[in-house]
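> Pasting the sequence and the predicted model now:
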Protein chains: 2
Amino acid sequence: MDKLRQHIEDITALSDEEYAYIKTFFTAKKVRKGQYLLSEGDDARYEYLVLSGIYKVFYIDEQGREFILQFAKENWWMSDYEAFFREKKATVFIECIDAGEVLVNTLQTREKLATEFHKMEHFYRAKLTNGYIALQQRIKLLLSSTPQERYETFSKMYPDLGQRLPKKIIAEYLGVSRETLSRLYSR
Amino acid sequence: MDKLRQHIEDITALSDEEYAYIKTFFTAKKVRKGQYLLSEGDDARYEYLVLSGIYKVFYIDEQGREFILQFAKENWWMSDYEAFFREKKATVFIECIDAGEVLVNTLQTREKLATEFHKMEHFYRAKLTNGYIALQQRIKLLLSSTPQERYETFSKMYPDLGQRLPKKIIAEYLGVSRETLSRLYSR
DNA sequence: CAACTGCTGTGATCCGGATCACTATTTTTT
DNA sequence: AAAAAATAGTGATCCGGATCACAGCAGTTG
C-alpha cells in the first residue's frame, strides 16, 4: 500500500496510470532526529508530505524567543508556505523532532500537476481549504482564550502529540511560557 | 467594466461565453450600514464577494467580548468559511460597517463552477493560497508581537482602513483593549 | 437645537502570566 | 558509569496591558 496514493485518493480517485505518473514527481527522504529541512534565509524550494516522524515548523523573533507555527505528523504537508508560493527566502525553520521519512516536492512540479490534472488542482484546493479552516481556528484561540483553554483545545485536537512531545515544546506552540504551562498541570 | 470579471481575470483569462455563464450564478445585493449578512447560529449558506463598502467578520466569546477575524473591502471574499465548507451553523457575525454592495454565491454553485471549469478550480485555489498566507502572517503577529508592533503592521497593511475605521474596531481586530490602543497614539 | 448614543482620551487599580532563579529529575553523550 | 545537557517543577518578583471609572466630544436623530 502506497501512502501517497492513499493520501491523494482520500480526496479524489486516480487511475493506475495517473498515479504512476504523479508519483515520479515526488522523492522520498529519510530524516534524522534534530535534522533541519529548512532554515531561515534558505530558498524555500520544497514542500514536504510527512510519511512518518514528527516535525515542527517554527520561527525565532528578534529577542531570540521561539514560536511554533505548526506541528506535522503522518499525512501532513509542511513548508514555509509564504516563502514557497511567493518564491522568497524562508523566515522559518523546519526541524525533525522524531525521525521519519518525508516526500519532497517543488513549486514547479506542484503547479505542473495542478495544471495538467484538474483532479490535482482539486486535491490541492481541498487541502488548502482544510488548512485555511485550521488556521482560522487557531487565530480564534489566540485572540480570545486563556492558557488553560488553549492547552485543553490542543490536547483534544492532538491527544497523541500531547503525550509524545516535551511540554516545553507544547508551550512554544501555545504561546505560553513553559512555567505557566507547568503550573497548569499541577492545578 | 465588470468587477467580477476583472476580479477573476486577475487570476485566469475567461472567454465572453465562459464569463456570461459564470456570472449567472452570482446575485448582487445592496447592503446598508449596520446590516448583518450572517449571524451566529445561522446556516452559513453564502459566501460574499465585496464590490463596495466595508464589512467586519467577528465573533463574541462567552464573556461577551468581541473579536474581529477579518475586515473586508472591495475584491475581498468573506463568509464563515468553517461553517460554509463543512455545512455547519455559523459561529461568527458579518456586519456592514460602511454601506455598499456584494455578490452572493452558495457552496453548491461554487463547487459546480470549480468542477465544470478547471480555470475556476484554479482561481479558487489561488484565492485560498493568498488567504492561507495572510492567516499565517496573522498568527505570527498574534504569537510574538507587542500591541505596538501589531498596530504598526496593521497600519502598513491597511493604511486606508486605519483612517476609515473607528479605533475601537481596530482594537478588536488587534486583540488589544481600546484603552491600550488609545495610549499608543498619545506616545 | 436639545437629547441621546457612540467614540476617544486619560487616570487609577489590579491581575495573569512572563521572567528570573534555583533544584530535582531524566535523557543523552562519551 | 560518569559527565553533560535537556527537561520539569516551584517559588518570588515584576510588569504590561486589562479593567474600571469618568469626562469631553462628535455626530446622529427626533
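Yes, it's here.
> Kindly report the residues of chain A close to DNA strand C.
For chain A, the residues in contact with DNA strand C (Cβ under 7 Å from any atom of the strand) are A:65, A:146-148, A:175-177, A:179-180. (Glycine included, C-beta is placed from N, CA and C.)
> Restricted to helices, list those residues.
Counting by DSSP state H, those place A:147-148, A:179-180 in helices.
> So what's the gap between stretch A:178-187 and the chain middle?
Its chain's C-alpha centre and that of stretch A:178-187 lie 26 Å apart, by Cα atoms, centre = their mean, to the nearest Å.
> ok, and what's touching it?
Outside stretch A:178-187, the residues that touch it by Cβ atoms under 8 Å, 6 or more residues apart in numbering or on different chains are A:147-148, A:151, A:167-168, A:170-171, A:174.
> now these as JSON lines including distance to A:Thr129?
Listed next are the contacts of stretch A:178-187 as JSON lines, based on distance: Cβ to Cβ, whole Å:
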{"residue": "A:Pro147", "distance to A:Thr129": "29"}
{"residue": "A:Gln148", "distance to A:Thr129": "30"}
{"residue": "A:Tyr151", "distance to A:Thr129": "27"}
{"residue": "A:Lys167", "distance to A:Thr129": "32"}
{"residue": "A:Lys168", "distance to A:Thr129": "32"}
{"residue": "A:Ile170", "distance to A:Thr129": "27"}
{"residue": "A:Ala171", "distance to A:Thr129": "30"}
{"residue": "A:Leu174", "distance to A:Thr129": "25"}
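> Would you write out the PyMOL command that picks the buried residues out of these?
In PyMOL, a selection of the buried entries from the contacts of stretch A:178-187 looks like this (16 or more other Cβ atoms under 10 Å in any protein chain shown):
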select buried, chain A and resi 147+151+170+171+174
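> Farthest pair within the contacts of stretch A:178-187?
Among those, the pair separated by the greatest distance (Cβ to Cβ) is A:Gln148 and A:Lys168, at 18.0 Å.
> Could you tell me how many residues sit around A:Glu62?
6 (other Cβ atoms under 10 Å in any protein chain shown).
> Look up phi and psi at it.
Note on A:Glu62: backbone dihedrals following degrees, to the nearest 10 are phi -60, psi -40.
> From DNA strand D, how far off is it?
To DNA strand D, A:Glu62 is 15 Å away according to Cβ to the nearest atom of the strand, to the nearest Å.
> And A:Phe58, by the same measure?
A:Phe58 sits 13 Å away from DNA strand D, going by Cβ to the nearest atom of the strand.
> one step back: can you redo the residues of chain A next to DNA strand C as a markdown table, where the extra columns are pLDDT?
Output for the residues of chain A next to DNA strand C, formatted as a markdown table (pLDDT from 0 to 100):
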| residue | pLDDT |
| --- | --- |
| A:Arg65 | 92 |
| A:Thr146 | 95 |
| A:Pro147 | 96 |
| A:Gln148 | 95 |
| A:Gly175 | 96 |
| A:Val176 | 97 |
| A:Ser177 | 97 |
| A:Glu179 | 97 |
| A:Thr180 | 97 |
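> Kindly supply the ChimeraX command isolating those of those that are buried.
In ChimeraX, a selection of the buried entries from these looks like this (16+ other Cβ under 10 Å):
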select /A:147,175,176
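> which one among the residues of chain A next to DNA strand C gets closest to chain B?
A:Gly175 (4.7 Å; Cβ to the nearest Cβ).
> neighbours of the closest residue to that closest one other than its chain neighbours, just the number please.
With Cβ to Cβ, 6 or more residues apart in numbering or on different chains as the criterion, A:Gly175 has its nearest non-adjacent residue at 4.7 Å, and that residue is B:Leu143. Neighbour count of B:Leu143, defined by other Cβ under 10 Å: 19.
> where does B:Leu143 land in three-state SS?
When classified by DSSP: H, G, I helix; E, B strand; the rest coil, B:Leu143 comes out as helix.
> ok, it to B:Leu161 distance?
Distance check for B:Leu143 against B:Leu161: by Cβ to Cβ, to the nearest Å, it reads 22 Å.
> same thing with A:Arg138?
The value you get for A:Arg138 to B:Leu161, if Cβ to Cβ is used, is 23 Å.
> Tell me which of those two has more neighbours.
Regarding A:Arg138 and B:Leu161, a neighbour count based on other Cβ under 10 Å identifies A:Arg138 as having more, with 24 against 17.
> Now A:Arg138: closest residue in space, sequence neighbours ignored.
Leaving aside its chain neighbours, A:Arg138 sits nearest to B:Ile139 (5.9 Å; criterion: Cβ to Cβ, 6+ apart).
> ok, now which ones touch the one you found?
Shown in contact with B:Ile139 (Cβ under 8 Å, 6+ apart): A:69, A:135, A:138-139, A:142.
> Let's have those in CSV, adding distance to A:Tyr36 and pLDDT.
Listed next are the contacts of B:Ile139 as CSV, based on distance: Cβ to Cβ, whole Å; pLDDT from 0 to 100:
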residue, distance to A:Tyr36, pLDDT
A:Leu69, 15, 97
A:Leu135, 23, 98
A:Arg138, 24, 97
A:Ile139, 27, 97
A:Leu142, 26, 96
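> Just want the most central residue of chain A.
Closest to where the C-alpha atoms of chain A average out (Cα atoms, centre = their mean) is A:Met78, at 3.5 Å.
> Bridging across strands, which residues link to that residue?
Beta-bridge pairing for A:Met78 (DSSP bridges): A:Tyr48.
> Let me know whether the worst-scoring helix or strand of chain A on mean pLDDT sits next to DNA strand D.
The helix or strand of chain A with the lowest confidence, counting by mean pLDDT, DSSP states H and E, is helix A:159-164 at a mean of 91. No. Figure legend: helix A:159-164 not in contact with DNA strand D (Cβ under 7 Å from any atom of the strand); closest approach 10.2 Å.
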